[in-house]
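Undergrad: Below is the structure, and that's it, no one-letter string:
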């Protein structure tokens, strides 16, 4: 009998992909920010052959949350059990199972099971969790279907990853501080027209800004950022420009001798539906890739250049 305040729910989806490929994509948590819209970043805390502890940063009903989970992987049965070790309020406990079932050689069914409780079994909090689990589960399964089918279809040309590195004669802390203090970017960076930074939970930021491009136009982006003083800041845009369906990245600060190597990395998926609207009727994926990389690299290099001036001026 289910105890009071305890929920058990199930979501499922069918996709055109072998069950083993689906399992692999779910098992490799490094890919989650690219395939699951709510997930910002996942980091391994501990891992062995079939068990692991992972820390997850994600959004739930528009709010940024983080928690630690234990997972048990069973590649033979195509099952992955998970249990939150440290849950984020209002969740008191959360767990579940991924179950991947072969339908045929090239088709599979994915079932996502959850069980959970709210702190003090408050009805309003349980309703909030109900909504978050339902929304995220539907979103995760739809994204999983889309992305695993893209992988099987070998649409690698839509995925673009690149980085820019600047060597700075300053401290990693000063460079980190410049990137971390994004609320000051409107005064510090000429290509930022407006900026808003919220950090209700230390180390977990929501950054919204209007960015200018070389042609004078602007676009609005909104990101969730996870900070690791003074070594890196990882992020995922939850509001992306029209030419992208996905944009994740990180700022990395590596000490080298008396200075620091500061890197801005981007991973992007091109939105094919908007290419001709933005770049003209003759444009294709190649032109979109070049445009996006040039735009992001220009702003990244500009930001790193100002960070270099800031850090070297404080030396």
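TA: Thanks, I have it. Source: prediction; values computed, not measured. Residues are numbered from 1 along each chain as shown.
Undergrad: name the helices or strands packed onto the lowest-mean-pLDDT helix or strand in the chain?
TA: Least confident helix or strand of the chain, by mean pLDDT, DSSP states H and E, is helix 32-35 with a mean of 85. Judged by 3 or more CB pairs under 8 Å, 6 or more residues apart in numbering; DSSP states H and E, helix 32-35 is in contact with strand 39-47, helix 123-152, strand 244-256. Bear in mind the C-beta positions are built from the backbone N, C-alpha and C, glycine included.
Undergrad: So which residues make contact with that helix?
TA: Identification of contacts with helix 32-35 by CB atoms under 8 Å, 6 or more residues apart in numbering yields 25, 39-42, 56, 143-144, 147-148, 236, 246, 248, 267, 269.
Undergrad: For residue 87, state which of those residues is nearest.
TA: residue 56 (10.9 Å; CB to CB).
Undergrad: Tell me how many other residues surround that closest one.
TA: 21 (other CB atoms under 10 Å).
Undergrad: likewise residue 166?
TA: Taking other CB under 10 Å as the definition, residue 166 ends up with a neighbour count of 17.
Undergrad: Give me the sheet partners of the helix or strand containing it and which way each runs.
TA: According to DSSP states H and E, residue 166 maps onto strand 159-168. Using DSSP bridges, strand 159-168 pairs in its sheet with strand 259-270 (antiparallel).
Undergrad: Now the following helix or strand past the strand it pairs with: buried residues?
TA: Downstream of strand 259-270, the next assigned helix or strand under DSSP H and E is helix 275-279. Within helix 275-279, the residues scored as buried using 16 or more other CB atoms under 10 Å are residue 275.
Undergrad: contacts for helix 275-279?
TA: Helix 275-279 is contacted from outside by 242-243, 283-285, 287-288, 291, using CB under 8 Å, 6+ apart.
Undergrad: hang on, isn't residue 301 packed against residue 164?
TA: Yes - using CB atoms under 8 Å, residue 301 is in contact with residue 164, at 5.3 Å.
Undergrad: Now for the two: what residues contact both?
TA: Jointly contacting residue 301 and residue 164 under the rule CB under 8 Å, 6+ apart are residue 264.
Undergrad: More neighbours: those two, which one.
TA: residue 164 (18 against 14).
Undergrad: give me phi/psi at the spatially closest residue to residue 194 that is not a sequence neighbour?
TA: Take residue 194 and drop its neighbours on the chain: the residue closest to it by CB to CB, 6 or more residues apart in numbering is residue 210, 4.2 Å away. Main-chain dihedrals, residue 210, degrees, to the nearest 10: phi -100, psi 120.
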